[in-house]
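*Asks:* got a predicted structure here, sequence first:
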Amino acid sequence: MQPSDLDPEVAQLIAGYPCVVTTLVAWGDMDANRHVNNVVYLRYMEHARLHYFGMIGWLDHGTGIGPILAYTDCRFRRPLAYPDDVSIATKISEVGEDRFTMQTIIVSHKLKAIAAEGQQRLVSYDYLHHHKAPLPEAIRQRIAEIEGRAGQQPNT
């Protein structure tokens, strides 16, 4: 689904987020309380986070340097339930020497509202030597391009 295919109210909520993944809420995502289980919201965020990594070219670990999740949280605002579609929108709000922070919202198409919002902190990690590593310059530049800050220094 393209952003132009979205309901205008949903499109307005995700405006300003360069990475948007839209998916169906599955019947099996619900729990005994007949709403989407809390852990599924984190899975939605993971799905969008990996999509963003693909956008910046950070899924290939040929160098041994890649992202590792250091922190995540989720604020549940509204319960989701089948049937529904959700758009998971992600942006990077801060970039440091060896880390960056992602902001994510999960928007219900049925409710036309934010169902959850979260934050994730990713650290650049050297998987070959098992320690933090500086954020590769190519990744830093690609983030700046995607976030619309091309030519500017990212936040440190």
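*Replies:* Structure received.

*Asks:* part of a helix, is residue 129?
*Replies:* No - under DSSP: H, G, I helix; E, B strand; the rest coil, residue 129 sits outside any helix and is assigned coil.

*Asks:* so who does it touch?
*Replies:* Shown in contact with residue 129 (CB atoms under 8 Å, 6 or more residues apart in numbering): residue 64. Just so you know, the C-beta spots here come from the backbone N, C-alpha and C atoms, and that holds for glycine as well.

*Asks:* over to residue 66?
*Replies:* 58, 124-125, 127 are the contacts of residue 66 under CB under 8 Å, 6+ apart.

*Asks:* helices or strands up against the top strand by length along the chain?
*Replies:* Selection of the longest strand in the chain by residue count, based on DSSP state E, yields strand 113-126. The helices and strands touching strand 113-126, judged by 3 or more CB pairs under 8 Å, 6 or more residues apart in numbering; DSSP states H and E, are helix 38-56, strand 65-76, strand 99-108, strand 131-132.

*Asks:* what's the most buried one of these?
*Replies:* Mean neighbour count (mean count of other CB atoms under 10 Å) peaks for strand 99-108 among the helices and strands packed on strand 113-126, with a mean of 22.

*Asks:* can you show me the CA trace of it as PDB?
*Replies:* The C-alpha trace of strand 99-108 is given here as PDB (Å, rounded to 0.1, in the frame of the first residue of the first chain):
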ATOM      1  CA  ARG A  99      24.300   4.900  18.100                       C
ATOM      2  CA  PHE A 100      21.000   6.300  16.900                       C
ATOM      3  CA  THR A 101      17.400   6.600  18.300                       C
ATOM      4  CA  MET A 102      14.300   5.600  16.300                       C
ATOM      5  CA  GLN A 103      10.800   6.800  17.000                       C
ATOM      6  CA  THR A 104       8.000   4.500  15.900                       C
ATOM      7  CA  ILE A 105       4.200   4.900  15.800                       C
ATOM      8  CA  ILE A 106       1.600   2.200  15.000                       C
ATOM      9  CA  VAL A 107      -1.500   3.700  13.400                       C
ATOM     10  CA  SER A 108      -4.800   1.800  13.200                       C
END
